[in-house]
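K.L.:
Sequence below, structure please.
(one chain, ligands or ions: 1)
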Amino acid sequence: MTIVPRFGAGHRVLVTGGAGFVGSHLVDSLLARGTNVVVVDNFLTGSKDNVAHLADDRRFTLVEADVSEPLPAHPALAHRFDAILHFASPASPTDFTKLPMEILRSGSLATMLLLDRAAADGARFLMASTSEAYGDPQVHPQPETYRGNVSSTGIRSVYDEAKRFSEAATMAYHRYRGVDTAIVRIFNTYGERMRPDDGRAIPNFVNQALRGEPITVHGTGTQTRSITYVGDLVRGILLLLDSPETGPVNCGTEYEMTVRELAESIARLVGGGSTVTFTDERGADDPEKRRPDLTLARTLLGYEPEVPPEVGLRRTIEYFRTR
Ligand SMILES: NC(=O)c1ccc[n+]([C@@H]2O[C@H](COP(=O)([O-])OP(=O)(O)OC[C@H]3O[C@@H](n4cnc5c(N)ncnc54)[C@H](O)[C@@H]3O)[C@@H](O)[C@H]2O)c1
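P.N.:
Numbering: from 1, shown residues only. I've put the predicted structure just below:
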């Protein structure tokens, strides 16, 4: 399957959350194709630094606004968009307790407002969903047909259920308002521009190792994750954007490893002699296993991950070393 690029020179694309970790890489790739990109971000968890290198690019506009509110009157937002990519949402486990209302709003009010705009513009709407839609899965690996094992009231529910609501809203606008939609279910992604203090395992472990401290693993470290380098994810997202697919497609890798193995690899790659220690504080509802079934991504999009963990982790370590 070969996907022909649909969005490039002369097209206008709105990226919400484009000053965040994933969003800023997506913006770089869209600009590299010649697309005009407007980012709307309120810098709640992102940073102007992530897009500072684009300040002189005439095809790039940054608008500071909260997408849970109607879009502000701004010349860059006045004209029709060809595509709207909704990536604005706090996403790290520490945000689940620090920013619960903001997460709920960006996964509900913002999604509805942006879907209305996509309907009005006749734009393709791509929603950033998550492997958290599967909760603590009882099916492994997880295909898109699996409906998940999610708590609607637990600590993580503000994020998981907001994303599930966003998926439902996206499909409803597709069915009843004819919006051209896509949903990407993103599995654990890492790379340059992650926040050092965002509570996710990789930046935590890398920064502990760079400081020469012991790496602390919550729980026994037997829980698994399949980690995806951000460059692979962005390639997958653009394939989905260009494709005619409307429903959810997993994007990630099958590089599944235990959190203990991940910590040990990082200690080895950093090379400072950090040891790995274990704490009792395992996060509530922290899933035991995560690995995408990539059959749909492969067959519908021709997607194949290219960056093995060792290579992506080295790049990430170098990024944090120079911060
Ligand atoms: N990184 C991952 O592993 C992962 C996994 C699954 C899903 N996702 C999804 O991908 C998207 C991006 O995640 P990320 O890891 O880059 O997180 P991030 O926190 O780095 O990026 C989110 C961006 O959205 C902005 N934002 C948040 N609420 C906003 C609002 N109301 N209005 C305007 N801007 C707002 C933040 O300031 C930030 O720049 C999120 O929707 C997230 O749920 C990420």
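K.L.:
What about residue 142? Give its phi and psi, please.
P.N.:
Reported as degrees, to the nearest 10, the phi and psi values for residue 142 are phi -100, psi 110.
K.L.:
from memory it sits against residue 291, does it?
P.N.:
Yes - applying C-beta atoms under 8 Å as the test, residue 142 and residue 291 come out as touching, 6.9 Å apart. Any C-beta I mention is one placed from the backbone N, CA and C, and that applies to glycine too.
K.L.:
which other residues reach the helix or strand bottoming out on mean pLDDT in the chain?
P.N.:
Evaluated with mean pLDDT, DSSP states H and E, the helix-and-strand set of the chain has its lowest mean pLDDT in strand 224-226, which scores a mean of 91. Applying C-beta atoms under 8 Å, 6 or more residues apart in numbering, the contact partners of strand 224-226 are 187-188, 201, 252-259, 262, 288-292.
K.L.:
Show me these that map onto strands.
P.N.:
Among the contacts of strand 224-226, the members found in strands (DSSP state E) are 256, 257, 258.
K.L.:
distance of the closest residue to residue 6 other than its chain neighbours from residue 66?
P.N.:
Excluding the flanking residues, the one nearest residue 6 by C-beta to C-beta, 6 or more residues apart in numbering is residue 242, at 4.6 Å. Applying C-beta to C-beta, to the nearest Å, the value for residue 242 to residue 66 is 29 Å.
K.L.:
A strand includes residue 184, no?
P.N.:
Yes - the assignment for residue 184, made by DSSP: H, G, I helix; E, B strand; the rest coil, places it in a strand.
K.L.:
Isn't it up against residue 240?
P.N.:
Yes - with contact defined as C-beta under 8 Å, residue 184 reaches residue 240; the gap is 5.4 Å.
K.L.:
So these two - more neighbours on which side?
P.N.:
The residue with the greater number of neighbours, taking residue 184 and residue 240 and applying other C-beta atoms under 10 Å, is residue 184; the counts read 24 against 21.
K.L.:
Tell me if residue 80 really is in a helix.
P.N.:
No - the secondary structure assignment for residue 80 gives coil rather than a helix, going by three-state DSSP.
K.L.:
Need the pLDDT of it.
P.N.:
Looking at residue 80, its pLDDT stands at 98.
K.L.:
What is the burial count for it?
P.N.:
Tallying neighbours of residue 80 according to other C-beta under 10 Å, which is how burial is gauged here, yields 10.
K.L.:
What distance do you get for it to the ligand?
P.N.:
Computed as C-beta to the nearest ligand atom, to the nearest Å, the residue 80 to the ligand distance reads 21 Å.
K.L.:
Quick check: that residue touching residue 14?
P.N.:
No - shown here, residue 80 and residue 14 do not form a contact pair, counting by C-beta under 8 Å, at 10.2 Å.
K.L.:
anything in contact with each of these two?
P.N.:
Both residue 80 and residue 14 are in contact with residue 123, where contact means C-beta under 8 Å, 6+ apart.
K.L.:
show me what contacts residue 152?
P.N.:
Residue 152 touches residue 161, counting by C-beta under 8 Å, 6+ apart.
K.L.:
Residue 142 and residue 291: which has the busier surroundings?
P.N.:
In terms of neighbours (other C-beta under 10 Å), residue 142 is the more surrounded of residue 142 and residue 291; the figures are 25 against 21.
K.L.:
Who's the closest spatial neighbour of the more buried one, skipping the chain neighbours?
P.N.:
residue 134 (4.7 Å).
K.L.:
Just the closest residue of the stretch 201-323 of the chain to the ligand, please.
P.N.:
Among the residues of the stretch 201-323 of the chain, residue 228 lies nearest to the ligand; the distance is 7.4 Å by C-beta to the nearest ligand atom.
K.L.:
Pop out the phi and psi values for that residue.
P.N.:
Backbone dihedrals for residue 228, given as degrees, to the nearest 10, come out at phi -120, psi 130.
K.L.:
cool, and the one 5 residues further on?
P.N.:
Taking degrees, to the nearest 10, you get phi -60, psi -50 for the backbone angles of residue 233.
K.L.:
hey, what's the closest residue to it other than its chain neighbours bridged with?
P.N.:
Nearest residue to residue 233, sequence neighbours excluded (C-beta to C-beta, 6+ apart): residue 189, at 4.8 Å. Note on residue 189: beta-bridge partners by DSSP bridges are residue 228.
K.L.:
Please tell me how far residue 189 sits from the ligand.
P.N.:
Counting by C-beta to the nearest ligand atom - residue 189 and the ligand are separated by 4 Å.
K.L.:
same question, residue 180
P.N.:
When C-beta to the nearest ligand atom is applied, the distance between residue 180 and the ligand equals 20 Å.
K.L.:
ok, the spatially closest residue to that residue that is not a sequence neighbour - contacts?
P.N.:
On the basis of C-beta to C-beta, 6+ apart, the spatially nearest residue to residue 180 that is not a chain neighbour turns out to be residue 124, at 4.5 Å. For residue 124, the residues meeting the contact criterion (C-beta under 8 Å, 6+ apart) are 6, 7, 82, 83, 84, 118, 180, 181, 182, 241.
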